[in-house]
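Asks: model this:
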Amino acid sequence: MWNKRTEEEARSKAQPHSPPQPQPTQAAAPAPKPAPPEPPRGVAILGKNVQVKGEIHSQEDLTIDGDVQGTVDVDGHRLTIGPNGRLQANGVKAREVIVMGKMNGSVQATEKVYIRKDAQLVGDVQTAGIVIEDGAYFKGGIDIKKPG
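Replies: Numbers count the residues shown, from 1 in each chain. Here you go, the predicted structure:
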């Protein structure tokens, strides 16, 4: 009768036992350095107790939570009208406009205009895209422009 154990013992006695060969190791590639953190973008904020009459020009994102009358130019950046914000504008230019409060006046946004729930916007809008949430009030014309 055949016995597996006997056959294995005979084979191991016939061949000299050699120590296990070390496996070739690959040098570990150095871990890629993480990209330096992006510097925080500047955001200017006009608080709810601030009143401004005139022109505003900003080279950073702007949040208005107070009362502003005049022209707002944040070309290439985001303009946010906070929930307490009231903007009576002769004209607004921005990359993106988010309205959560009340705004009267025309808007030129190169990318998008968001009119959030409970917000009010009365005026004409020129933009590449617009989002009007349920519950928002909008009165005016919309001119959709190709981004560019």
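Asks: okay, now the unreliable bits of the chain?
Replies: Within the chain, the segments meeting pLDDT under 70 span 1-41, 147-148.
Asks: for the residue nearest the centre of it, which three-state class applies?
Replies: Residue closest to the mean C-alpha point of the chain, counted by C-alpha atoms, centre = their mean, is residue 78 at 10.9 Å. Secondary structure for residue 78, judged by DSSP: H, G, I helix; E, B strand; the rest coil, is strand.
Asks: my read is that it contacts residue 95, right?
Replies: Yes. With contacts counted by C-beta atoms under 8 Å, residue 78 reaches residue 95, the gap being 6.2 Å. For every residue, glycine as well, the C-beta is placed using N, CA and C.
Asks: name all residues that make contact with the residue nearest to the centre of the chain.
Replies: 61, 62, 94, 95, 96, 97, 98 (C-beta atoms under 8 Å, 6 or more residues apart in numbering).
Asks: cool, residue 61 as well?
Replies: Residues in contact with residue 61 (C-beta under 8 Å, 6+ apart) are 41, 42, 43, 44, 74, 77, 78, 79, 80.
Asks: mind checking how far the residue nearest to the centre of the chain is from residue 84?
Replies: Distance of residue 78 to residue 84, given as C-beta to C-beta, to the nearest Å: 18 Å.
Asks: same question for residue 50.
Replies: With C-beta to C-beta as the criterion, residue 50 and residue 84 are 10 Å apart.
Asks: which neighbours do those two have in common?
Replies: With C-beta under 8 Å, 6+ apart, residue 50 and residue 84 have common neighbours 65, 66.
Asks: bridging residues for the residue nearest to the centre of the chain?
Replies: Here residue 78 sits in beta bridges with residue 96, going by DSSP bridges.
Asks: just the helices in this structure please.
Replies: Secondary structure of the chain by DSSP state H: the helices cover 4-14.
Asks: can you show me the strands along it?
Replies: Taking DSSP state E as the criterion, the chain carries its strands at 43-46, 51-57, 61-64, 67-81, 86-99, 102-104, 107-115, 120-122, 125-127, 129-132, 137-139, 142-144.
Asks: what is the fifth one packed up against?
Replies: Based on contacts counted as 3 or more C-beta pairs under 8 Å, 6 or more residues apart in numbering; DSSP states H and E, the elements that strand 86-99 packs against are strand 67-81, strand 102-104, strand 107-115.
Asks: much appreciated, bye for now.
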